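Asks: sequence and computational prediction follow.
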Amino acid sequence: MSGQIRVTSRYSGLLIYFVMFVEVVICGGLFSIFAHYRGSDFGNEFLQSMSVICTIYFAVTIEGGVNLHMRRAKDYEVLLTVLKNVFYFSVLSVFILHIGRFYVYSWPYYLLYLCVMFVLLLMFRYSVRAFAKFYHQLPGNRRTVVMIGCTDNNEALYEEISNDKSRGFDVLGYFDDNVKNGFSGLKYLGRIDDAIDYFRSHKGVQEVYCSIKPDYRNDLVESIIKHCENNFMYYYSVPCMNYYLHQRMHLNVIGSIPYMNFFQDPLQTTSNRFIKRAFDIVVSLVFLVTIFPWLFLIVAAITKLTMPGPVFFCQKRSGINGKEFVMYKFRSMKVNKESDTLQATKDDPRKTWWGNVLRRTNIDETPQFINVLKGDMSVVGPRPHMLKHTEEYSKIIDHYMIRHYIKPGITGWSQVTGFRGETKEIGQMVGRVKGDIWYMEHWSIWLDLYIILRTVYNAVIGDKNAY
C-alpha cells in the first residue's frame, strides 16, 4: 500500500512538470511560428522577447497550478485554469514587452497569437486530462473505498464518486448497524463493529469514509481511526448534515477551539464585490452601446408586427436581500393577466412564434443589461424569481432565501447545468437552489466567464429547456 502511494505521488509530480514544460514550448514555439509568418529576423531581439514571454508564462503557470490530474478535479476547472493563466500572461506580457521595448510583431497579430495559444493550451490540457482519467481506471491505479454509516451525506458522496467512473474509485460496500438502511446498489458488509475485522481480512482497502452520528460510541470510532493510521489507510470523516443542504463547511479556530460554519461566500469581501461590480459595468456598457441599439430596432419592429402591446415586459422580481426590483425583458407573450403568477410552459398558448425565437436564443433576456448597469442585477448570479414564487418556495424549501444573499443574474450556474426554465416538480427547484448556493460558495471571476461562455454555447446549439 505504501509503495502505491509513492508511485502515485511520483506520477503526479512528473505529470505536473511535463505539463508545464510542454506549455512553455507551446508558448515559445507559437511565438516563433507567428514571427516566421511575419518575416521577422530570428536575431538577438527575437530571442530576448521569446525568453521573456516563456519566463512570464512559466511564472503564471506556477501560480495558477496544474490540478487536471487529480481524481476529484472537475472538467470545467481545466477551462477556468487555462482562461486565468492566459489572461494573466496577456496582461503581463503586453505590459513588459511594451515597457521594455522588446521585439514584438504588430499588436493585432499578437492578439491573434494569444487567442490561438489559448485554444492550443486548452486542447493540450484536456488531452492530458483524458490520459489522467484513463490512468486512474487502470487496475493498479484504482482506489478501493469502504463507507461506514448509511447517512444522507455518505450516500450523496457515494453517488458522486460512483457516477463518474473515470475517477477510478471502487466502492466495496458499507457498514451500518441498521440493516434496513441501505445504499442503492451497494453491498452491505455488516455492522460497524465488524469493520476492523473486515479490514484485517481485506488488505486492499485504501480509503475509508465514515459518517456516523456524534453520539455514537467514541471508542469504536477511535479504534477505526487508529487501525487506518497503522495500516496505511486514509480515513475521512464525513459530517452528518441531514438538516442542511449539501454545502461546503468551513473550519475556523479561536485559540485552540475549532468551530465550523456552513455558509461562506467569496463575495462577502469588499475586493471581490468591487471586481464583480466593475466587470458588470464594463460588460453591460459595452453591450448596451454596441449591440443592443441594433438588436432593439430589429426586435421592436418584429414585435410590433406580430403582437399588439409594448416591446418591453416589466415585472417585479426578488433581488439581493429579498428587495423587490423591476426586471426588463423583451416581451415574448401576448398581454395577459397571469404574467405575474403563472410560469411559462413548453407549449404555452400565451407565446407567439416570435416569442419562441426570442426565448430559444435568450434574446428576450438582453434588456436585463439595463438592470445590471442600474445595479439591480449582475451578469452572472441566481436567476430572480417572481414575487409569488419567492413567497411560495421560501415556505417549503429549506435555505431557499440564501440565494438572495447576492445580486440575481442574467444567467447562472443552475441555468447552464440543467435547471433552467419551468419547474414542474419541487425537486427541480431544490436542484436550482443547490446550484445557486454552490455558485455563491465557489465564485470567481473565472467561473463567471465560464458560465457566460456556456450560456453563449447553449444559445447557439439550442437548449431543450429554453421555452
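Replies: Good, I have the coordinates.
Asks: surely Leu157 and Val238 touch.
Replies: Yes. Shown here, Leu157 and Val238 form a contact pair, counting by C-beta atoms under 8 Å, at 6.0 Å. Placement of C-beta: from N, CA and C, glycine included.
Asks: give the residues shared as contacts by those two.
Replies: Between them, Leu157 and Val238 share these contacting residues under C-beta atoms under 8 Å, 6 or more residues apart in numbering: Tyr209, Ser211.
Asks: in the helix or strand that contains Arg125, what counts as buried?
Replies: For Arg125, the enclosing helix or strand under DSSP states H and E is helix 107-136. Judged by neighbour count using 16 or more other C-beta atoms under 10 Å, the buried positions of helix 107-136 are 110, 113-114, 117-118, 120-122, 125, 128-129, 132-133, 135-136.
Asks: which is the next helix or strand following it?
Replies: Per DSSP H and E, the first helix or strand lying C-terminal to helix 107-136 is strand 143-148.
Asks: may I have the strands that pair with that next one, each with its orientation?
Replies: Note on strand 143-148: by DSSP bridges, its sheet partners are strand 169-175 (parallel), strand 207-210 (parallel).
Asks: can you add mean neighbour count and distance to Arg38 and give those back as JSON lines?
Replies: Converted to JSON lines, these look like this (neighbours: other C-beta atoms under 10 Å; distance: least, C-beta to C-beta, whole Å):
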{"stretch": "strand 169-175", "mean neighbour count": "19", "distance to Arg38": "50"}
{"stretch": "strand 207-210", "mean neighbour count": "20", "distance to Arg38": "54"}
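Asks: which SS state does Phe232 fall under?
Replies: coil (DSSP: H, G, I helix; E, B strand; the rest coil).
Asks: residue contacts, Val433?
Replies: With C-beta under 8 Å, 6+ apart as the criterion, the residues that contact Val433 are Leu245, Tyr393, Ile397, His399, Tyr400, Ile402, Arg403.
Asks: mind checking which of the residues you listed are in helices?
Replies: Members of the contacts of Val433 lying in helices (criterion: DSSP state H): Tyr393.
Asks: which one among the contacts of Val433 gets closest to Leu447?
Replies: For those, the residue nearest Leu447 by C-beta to C-beta is Arg403; the value is 16.0 Å.
Asks: what sits against that closest one?
Replies: Arg403 is in contact with Pro382, Val433, Asp436, Ile437, Met440, counting by C-beta under 8 Å, 6+ apart.
Asks: show the pLDDT at the second one.
Replies: Spelled out, that is Val433. Among the per-residue scores, Val433 holds a pLDDT of 89.
Asks: now Lys329. Nearest residue, chain neighbours left out?
Replies: Phe313 (4.6 Å; C-beta to C-beta, 6 or more residues apart in numbering).
Asks: so which strand or helix has that neighbour?
Replies: Residue-wise, Phe313 maps onto strand 312-318 under DSSP H and E.
Asks: packing partners for whichever helix or strand comes after that strand?
Replies: Downstream of strand 312-318, the next assigned helix or strand under DSSP H and E is strand 324-330. In terms of contacts (3 or more C-beta pairs under 8 Å, 6 or more residues apart in numbering; DSSP states H and E), strand 324-330 is packed against strand 312-318, helix 368-374.
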